[in-house]
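K.L.:
I would like the atomic coordinates for the input below:
(4 chains)
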There are 4 protein chains.
Amino acid sequence: TLQHLFKQIFQASLELQEDDNRKALLVSRKKKAEDTIVDLKGEKIGDGTQRLVAGPCSVESYEQVYEVASAMKEQGLKLLRGGAFKPRTSPYDFQGLGIEGLEILKRVADELDMVVISEVMTPADIEEASEYLDVIQIGARNMQNFDLLREAGGAKKPVLLKRGLSATIDEFIKAAEYILAKGNENVMLCERGIRTFEKATRNTLDISAVPVLKKETHLPVMADVTHSTGRRDLLLPAAKAALAIGADAVMAEVHPDPAVALSDSAQQMDIPQFREFMQSLRDSGLYKL
Amino acid sequence: TLQHLFKQIFQASLELQEDDNRKALLVSRKKKAEDTIVDLKGEKIGDGTQRLVAGPCSVESYEQVYEVASAMKEQGLKLLRGGAFKPRTSPYDFQGLGIEGLEILKRVADELDMVVISEVMTPADIEEASEYLDVIQIGARNMQNFDLLREAGGAKKPVLLKRGLSATIDEFIKAAEYILAKGNENVMLCERGIRTFEKATRNTLDISAVPVLKKETHLPVMADVTHSTGRRDLLLPAAKAALAIGADAVMAEVHPDPAVALSDSAQQMDIPQFREFMQSLRDSGLYKL
Amino acid sequence: TLQHLFKQIFQASLELQEDDNRKALLVSRKKKAEDTIVDLKGEKIGDGTQRLVAGPCSVESYEQVYEVASAMKEQGLKLLRGGAFKPRTSPYDFQGLGIEGLEILKRVADELDMVVISEVMTPADIEEASEYLDVIQIGARNMQNFDLLREAGGAKKPVLLKRGLSATIDEFIKAAEYILAKGNENVMLCERGIRTFEKATRNTLDISAVPVLKKETHLPVMADVTHSTGRRDLLLPAAKAALAIGADAVMAEVHPDPAVALSDSAQQMDIPQFREFMQSLRDSGLYKL
Amino acid sequence: TLQHLFKQIFQASLELQEDDNRKALLVSRKKKAEDTIVDLKGEKIGDGTQRLVAGPCSVESYEQVYEVASAMKEQGLKLLRGGAFKPRTSPYDFQGLGIEGLEILKRVADELDMVVISEVMTPADIEEASEYLDVIQIGARNMQNFDLLREAGGAKKPVLLKRGLSATIDEFIKAAEYILAKGNENVMLCERGIRTFEKATRNTLDISAVPVLKKETHLPVMADVTHSTGRRDLLLPAAKAALAIGADAVMAEVHPDPAVALSDSAQQMDIPQFREFMQSLRDSGLYKL
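P.N.:
You can find the predicted model right below:
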């Protein structure tokens, strides 16, 4: 028993050390108590005002992006997301327009004064992509692509990091640390659903991850209601829940004609649905802009 | 290919039949479009007004229950939950006061005009327990205890059915069907967290199950924020999310002195925390009573 | 820091106590080092000889059971499983023949000198069912039906306890403890697949649970290859793996005509497939009887 | 109903097309019936002879690798794995020796005539790394790093692709397709445990994935018993199960002094334990070399 106690004392020192390590994490609220605010052309993410991010799953054409972006502007939304590099399960699925897609996003954003958020999938693309986009998105499948995280840490653009499909919150936080450790403090976290046994939804929106992440880190936290639920009919209720629980922003997908979309047709809203979605959020009192 | 088409036509008829089966499910909204409203001594669950259910994890003494129930009354809450028969992982953990616990609940409920919700774990106990309680709760571990479901289906009391830890929504719905099939239509469903790989919370609150269940069935749907999160600091944000997404009621645990509680001490609020919780919910505009 | 150390010392004593608790668990190898051997009419489960358990998913008729049992005898198998009380997701699915099914099993077993293993689902049935069966099976859905566990603990028959679909190994062990704590030491554990995100198999056979359970407890451990895989084509490879990893018995389902089986038609072997299965197991050198 | 049937006929044609797509998958057994055999300096993986792959988790020094490799040679093992680029949850953990680690592996492999298997984490490193290693390993976290898969598809070296922590078998197969689609047919698949709720093991070894993958694809399939179980005491039983179920190779970690290993100290065998492991596998009759 005495031996056991000494072992415990030893372990206690180890834990103290771990505690110190945690304090030393740059993302930790123990390291920095105040909220990090990421300024995206004047939209201050994390300042207490809750925002919406929208856009098509994949960039398909200038017309498509312009139509969605116009509808967004009409609603006062400025944060435009759209996929140019698309991570797809099969090599034979549409892989995105690449740089051409980024050019379209930038052209529309310039015309309508919007912010471009788009995914980059490989370290080598970050530099060129940075000429077009305002926020580097790192997708769920790449949450532990450590070289990509390091490269994004060296970039001059803010980063939107999505949680991996089966990443614990602890792993998510440490993935963000890779970016801050390289000097980039403008990081936003995004819960986007985790993989469970439930089949009624595409993934399971882990809504309590939002307050946990806000408590453990000082970074802004978003919730992606499209990829988590995978169902158009759940976007509105999930968005309300995300706003109510304190997400700094909610992300949803909008497409002029989801039925012919080149990806994720079942989960995108069309323009009239998007307008109703906005109206319902405003009516609920949860969305205040 | 022609052969394949005929096979498909055959399968199509099978699916039509399945569709008919689903239409025939008594719990289904296809069977009954309007919401089922369960009347608990005047509290009409499912009528569009969102309510709170509270109480201690385990009934420990008359004084303990009375103190919690008084604090609830002060806040206008009438739905008192408390465990008399406790399902516990280990046979050496506190197993609840049994019938004595139900007597305490009933005495307090009679004095303060409240509604008693308490778990029954075995078919043979339903008759005797029904003399004391107003709502028979069937716990997560017993969601597919089919004899218990059938017995509850024959009882004269409303039933609160909790989702199993790894039950799909489809299985949950069919478990409820066992109760309705025996003639009891006063069934309320309760999402209480599912088991996933995430360790930051005790379980993962599957918040989107609430709108899915409301859509698929005509039954009232609750969310238990205590057992899903397992963390006192997450009760308030999770309750806000549950109200925002449309839960008919939210369930949370309150104990006069959680530190000495005989079960689940880490996740219950004490009385002052409960008052703050109520105040914050009212301030948010999400709780309107 | 000093304060922290004292806290740790206090926690250390708590842990020592927990350790003592674990030592005190009747199922634990720390409590009893030697293997428990369950004698089923001369078949000694847990004695180092690995055995096979077979039979139809559901008992449908005397002829059906007799045909399967004869094929088993031909192969030297004596342990006959068959469902009389069937736990089914939907109340409208075939629920089993009940006591009539048990009568059929007993009649065949008497004629062919076999051992009857069959599930009981509710405490009130244990006494009557015990007149017919040799082993009380407690199914996955009832692993934490604590009243059923207690009742089985008071019965005079050996118990086969299946792991719950999302039960941790620790919870499984403690469920077994409920039975031993009531005086019944003849308990066999059965890994039968856990629920995960993978869809290629019905459940995921957690093969390493077998050595973990053998290490933590002194009880015999089986593996059910039918319910874990849910695929007829995987029964043979899964059975080999289970034998190789040290399971005391492997359980598989056999039906004279699976296509018309009243339950689980996709995963049962027919008689010729069963003979091939036995031959292949013998050829592999892994099955030695 | 007629409308429904036409809808079904339409869907049937879609499914036929999908079926054709599957037939068109280069990895599919429908495309190529015979087993792919990957020749690693004479060790023919997938030829029916089951092999072992061993080595330290991380390369730490020439002496360390040489000691392990010598012990392997003594046992007739030629396939040496070792991590030079280490994917680590935290940026502050040991990240591997990088190219220096590959140099050490190559030097030892040249001296002892062995095959070097080592992970590459980013597309840009493949070319340089290919000068040192014989097999490019793509780790679990990078299973859907599609640019890395494409780059490996263009390389001249065989690829060992590990299953992602929460990847379905279908996604795993399609990830391999990325590599074959770029012209590299020398791909080996490796099951290494999936993430579930169970905590007794680091991950859950999905043993039935081995026969499923062998059936669906023509590629060799390995099982990594170290990362799946995360427990030294489970390496031997898990290896037996993997051999029994038909894995083409089993992978395990060996370190001269696990207690001081720079990564994964709890799950590596030391040299004497490795010798016992080999002896026990031979005694079991499952390992025949």
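K.L.:
would you put the C-alpha positions of the host helix or strand of residue A:150 in CSV?
P.N.:
Assigned by DSSP states H and E, residue A:150 belongs to helix A:146-154. Extracted in CSV, the C-alpha atoms of helix A:146-154 (Å, rounded to 0.1, in the frame of the first residue of the first chain):
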residue,chain,number,x,y,z
PHE,A,146,-0.4,17.1,-40.3
ASP,A,147,1.7,18.5,-43.2
LEU,A,148,-1.4,20.3,-44.4
LEU,A,149,-2.0,21.7,-40.9
ARG,A,150,1.6,22.9,-40.7
GLU,A,151,1.5,24.5,-44.1
ALA,A,152,-1.8,26.3,-43.2
GLY,A,153,0.0,27.4,-40.0
GLY,A,154,2.5,29.2,-42.1
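K.L.:
angle of it against helix D:146-154?
P.N.:
130 degrees (axes from the mean of the first three to the mean of the last three CA atoms, to 10 degrees).
K.L.:
so helix A:146-154, near chain D or not?
P.N.:
Yes. Looking at helix A:146-154 against chain D by CB under 8 Å from any CB of the partner chain, the contacts come from A:146-148. C-betas here are computed from N, CA, C, even on glycine.
K.L.:
starting at the chain centroid, how far to the next helix-or-strand element following that helix?
P.N.:
Going down the chain from helix A:146-154, the next helix or strand is strand A:159-162, by DSSP H and E. A distance of 5 Å separates the centroid of the chain from that of strand A:159-162, by CA atoms, centre = their mean, to the nearest Å.
K.L.:
now do stretch A:221-234
P.N.:
11 Å.
K.L.:
only alpha carbons, please: show it as PDB.
P.N.:
In PDB, the C-alpha atoms belonging to stretch A:221-234 read as follows (Å, rounded to 0.1, in the frame of the first residue of the first chain):
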ATOM      1  CA  VAL A 221     -16.700  27.500 -33.100                       C
ATOM      2  CA  MET A 222     -19.000  26.900 -36.100                       C
ATOM      3  CA  ALA A 223     -21.600  24.100 -36.800                       C
ATOM      4  CA  ASP A 224     -22.100  22.700 -40.300                       C
ATOM      5  CA  VAL A 225     -25.700  21.600 -40.400                       C
ATOM      6  CA  THR A 226     -25.500  20.300 -43.900                       C
ATOM      7  CA  HIS A 227     -22.800  17.600 -43.600                       C
ATOM      8  CA  SER A 228     -23.900  16.600 -40.100                       C
ATOM      9  CA  THR A 229     -27.500  15.800 -40.900                       C
ATOM     10  CA  GLY A 230     -27.300  15.200 -44.700                       C
ATOM     11  CA  ARG A 231     -31.000  16.000 -44.900                       C
ATOM     12  CA  ARG A 232     -32.500  19.200 -46.300                       C
ATOM     13  CA  ASP A 233     -35.500  18.900 -43.900                       C
ATOM     14  CA  LEU A 234     -33.200  19.000 -40.900                       C
END
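K.L.:
report the buried residues of that stretch.
P.N.:
Buried residues in stretch A:221-234, counted by 16 or more other CB atoms under 10 Å in any protein chain shown: A:221-232, A:234.
K.L.:
do the same with stretch A:43-61
P.N.:
Per 16+ other CB under 10 Å, stretch A:43-61 contains these buried residues: A:43, A:45-46, A:50-60.
K.L.:
what sits against the spatially most central residue of chain A?
P.N.:
The residue lying closest to the centre of chain A (CA atoms, centre = their mean) is residue A:190, at 3.6 Å. By CB atoms under 8 Å, 6 or more residues apart in numbering or on different chains, residue A:190 lies in contact with A:160-163, A:221-224, A:251.
K.L.:
what about the residue of the stretch 101-250 of chain A found nearest chain D, neighbour count?
P.N.:
Of all residues in the stretch 101-250 of chain A, residue A:166 sits closest to chain D, at 3.2 Å by CB to the nearest CB. Residue A:166 has 23 neighbours, counted by other CB atoms under 10 Å in any protein chain shown.
K.L.:
same check, this time on residue A:260
P.N.:
The burial count for residue A:260: 10, using other CB under 10 Å.
K.L.:
measure it to residue A:94 for me?
P.N.:
For residue A:260, the distance to residue A:94 equals 12 Å [CB to CB, to the nearest Å].
K.L.:
equivalent analysis for residue A:74, please.
P.N.:
In terms of CB to CB, residue A:74 sits 28 Å off from residue A:94.
K.L.:
and residue A:117, that one's in a strand?
P.N.:
Yes. Residue A:117: assigned to a strand according to DSSP: H, G, I helix; E, B strand; the rest coil.
K.L.:
so which residues of the stretch 51-200 of chain A form helices?
P.N.:
Secondary structure of the stretch 51-200 of chain A (DSSP state H, counting those that start in this stretch): helices located at A:62-74, A:99-112, A:126-129, A:146-154, A:169-181.
K.L.:
can you give me the angle the second one makes with strand A:115-119?
P.N.:
Counting by the same axes, to 10 degrees, helix A:99-112 lies at 160 degrees to strand A:115-119.
K.L.:
how is chain A divided into domains?
P.N.:
A:1-33, A:36-284 (automatic domain parsing).
K.L.:
for the longest one, what is the distance to the chain centroid?
P.N.:
Its chain's average C-alpha position is 4 Å from that of domain A:36-284, according to CA atoms, centre = their mean.
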